[in-house]
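Undergrad: Structure, please.
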Amino acid sequence: MDLTFNKNEDAMRFSWSNIRVQLEKIQEGGGKKSREKQKEKNKMTARERIAYLIDADKPFVELGSFAGFGMYAEHGGCPAGGTVSGIGYVSGKQCMILANDQTVKAGAWFPITGKKNLRMQEIAMENRLPVIYIVDSAGVFLPMQDEIFPDKEHFGRIFRNNARMSAMGISQIAVVTGPCVAGGAYLPIMSDETLMVNGNGSIYLAGPYLVKAAIGEDIDHETLGGAVTHTELSGIADYKFDTEQECLDEVKRIISKLGEKEKAGFDRIKPELPARPVNDIYGIMSEGNTKPYDVLDIIHCIADKDSFDEFKKDYGKTIVCGYGRIDGWAVGIVANQRLIVKNKKGEMQLGGVIYNDSADKAARFILNCNQKKIPLLFLQDVTGFMVGSRSEHAGIIKDGAKLVNAVANSIVPKITIITGNSYGAGNYAMCGKAYDPRFIYAWPTAKIAVMGGEQAAKTMLQIQVASMKAKGETPTMEEEQQILKTITDDYNRKAEPVYAASRLWVDEIIDPRDTRKLISEAIHAANHSPVRDTFQTGVFQV
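TA: As a prediction, this is how the structure comes out:
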């Protein structure tokens, strides 16, 4: 290994270490005192419940752990959006698991909680995964009810999705380990089967205090909506158990009996280890991603050895396309090339920029993968499309539109990994969040924004200075530099992966070394959902 590789490796380790520190803080939930209160009630934490439920010898892929990070400071924060979720194996079967974290504001739903739960349901529907809800929630966080209650993508959409998933034949099981109040009471009842913990679980539209205020009736929690009431009187719940462990054991038994359903049939053979050690992935990108690198080096760290066949190798060189295998799964890879390369005319092309020929090549490759029913993997490190009169006259918008059209209409599963820059329309063309990737992950080195921080800050500075001059104010050079620094710092902060993950623009920030494993798990999940649509591109300019 050379000195440059070692420096790159150290920088990536440091970046991931910073993410890990923040993750560890998030995983504390509402803090030590809140966790102790759970224990006093003989209750496990959300993470303990999931750990007890899943198969210990198989991976659990947590999703949305950064949801709400740095948000709602005026309300004391909302770690992980007040819910722990992800894909794990229960009795050998992949399942989506969502568990309210009662240590965070009594499991109340913030706006980001609703967005996170809807994203998890979306993943379950797209991949036809059974869903297990572990319910322990006080309901909507009332101070922010206007941002969580009435709109299309708000709280009520959860129950609409319950109904849709049931109609799709997707099994949903609810384990009620604590309160389940008001509108939230519909979630377990709209699931296929409901289990309750006697003495702790409760389901009702209105709690004892509201019942007293509304109709003057005095009643306690258990009599109103406890496990005995709902398994013996109302018939709402299907099972009751004295402990959470017994409840979760029954879930394992239920899941173990689920019958096999039609699969997508994506091709998989016996896996081969990559040509390069997985740890080499740390040493490829420079600190700050300021220097060119060969994206094939990343591909050779994640793809099975000797499996990658490059498509149109000598054409459109700023995007690499090719068929390969990852953990045995056949996959079509579309990756931005960061090397400065020459095109077929001998002209230098900037790495990370999409040119006419590279857009044309990638669009054609995506069509091929759809025809062959091969899942698509996008490795994003893109600064955007090439600009200037030459590109405009050559029809860069037209060629870019063809690529966007192919991505938007693709019917095979799409998985996106943002390894570096994700700027402007490049984000769209390389299957950003708006283009329905089944899963979208970010490395600690990811940056998501309309354009690079330096260019954006200078543009915004010009606008701000012009506005000041229009008011008769002329800033000094020093004042302009301070304004530029303030704008740049704020812009760069909002381009960081933590900012994106907190708002669920990406599903998770991942250790680059886990890239191969997560792609494999994603295709495994996608294989549960048959590809039924016919690929069509509609009208576009040629």
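
Undergrad: Can you pull out the low-pLDDT segments for the chain?
TA: Where the chain drops to pLDDT under 70, the residues are 1, 541-542.

Undergrad: For it, give the helix that spans the most residues.
TA: Determined from DSSP state H, the single longest helix within the chain is helix 3-26.

Undergrad: looking just at contacts, which helices and strands does that helix meet?
TA: Packing partners of helix 3-26 (3 or more CB pairs under 8 Å, 6 or more residues apart in numbering; DSSP states H and E): helix 497-502. No exception for glycine: its C-beta is placed from N, CA and C like everyone else's.

Undergrad: Run through who's touching the longest helix of the chain.
TA: With CB atoms under 8 Å, 6 or more residues apart in numbering as the test, helix 3-26 has contacts from 1, 65-66, 69, 79-80, 282-288, 444-445, 497-498, 509, 511-512.

Undergrad: Go ahead and measure how far it is from the middle of the chain.
TA: 21 Å (CA atoms, centre = their mean, to the nearest Å).

Undergrad: hmm, back to that, which of the contacts of helix 3-26 fall within strands?
TA: Ile509 (DSSP state E).

Undergrad: ok so, going back, going by neighbour count, which residues in the longest helix of the chain are buried?
TA: The neighbour-count check on helix 3-26 (16 or more other CB atoms under 10 Å) flags Asn8, Glu9, Ala11, Met12, Ser15, Trp16, Ile19, Gln22, Leu23, Ile26 as buried.

Undergrad: Let me know the closest of those to Leu296.
TA: Distance to Leu296 across those (CB to CB) is lowest for Asn8, with 15.9 Å.

Undergrad: what about the closest one, distance to Phe14?
TA: 11 Å (CB to CB, to the nearest Å).

Undergrad: before we move on, the earlier item: CSV please, covering the buried residues of helix 3-26 and showing distance to Pro59.
TA: Supplementary listing: the buried residues of helix 3-26 in CSV, determined by distance: CB to CB, whole Å:
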residue, distance to Pro59
Asn8, 27
Glu9, 25
Ala11, 27
Met12, 22
Ser15, 23
Trp16, 18
Ile19, 18
Gln22, 21
Leu23, 16
Ile26, 19
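
Undergrad: got the contact list for the helix or strand where Ala163 lies?
TA: In this assignment (DSSP states H and E), Ala163 forms part of helix 156-167. Outside helix 156-167, the residues that touch it by CB under 8 Å, 6+ apart are 114, 117-118, 121-122, 124-125, 131, 149-150, 172, 183, 186-187, 190-192.

Undergrad: Filter the residues you listed down to the ones in strands?
TA: Val131, Gln172.

Undergrad: For Leu129, give me its contacts.
TA: By CB under 8 Å, 6+ apart, the neighbours of Leu129 are Ile87, Gln94, Cys95, Met96, Ile123, Ile170, Ala525, His528.

Undergrad: Hmm, Gly30 is touching Asn100, no?
TA: No - Gly30 is beyond contact range of Asn100, at 11.6 Å (criterion: CB atoms under 8 Å).

Undergrad: out of these two, which sits in the busier spot?
TA: The residue with more neighbours, out of Gly30 and Asn100, is Asn100; 30 against 22, by other CB atoms under 10 Å.

Undergrad: Phi, psi for that one please.
TA: Torsion angles at Asn100 (phi, psi; degrees, to the nearest 10) stand at phi -60, psi 140.

Undergrad: Ok, the one 10 residues further on next?
TA: Phi and psi for Phe110, reported as degrees, to the nearest 10, are phi -90, psi 170.

Undergrad: since we're on Gly388, how many residues are nearby?
TA: 9.

Undergrad: now it: how far from Ala449?
TA: Taking CB to CB, one finds Gly388 at 21 Å from Ala449.

Undergrad: Run through who's touching stretch 510-518.
TA: Contacts of stretch 510-518 (CB under 8 Å, 6+ apart): 12, 16, 59, 61, 274, 278-279, 281-282, 301-302, 326-327, 417, 419, 439, 441-444.

Undergrad: Which among these count as buried?
TA: Using 16+ other CB under 10 Å, the buried members of the contacts of stretch 510-518 are 12, 16, 59, 61, 274, 278, 281-282, 301-302, 326-327, 417, 419, 439, 441-444.
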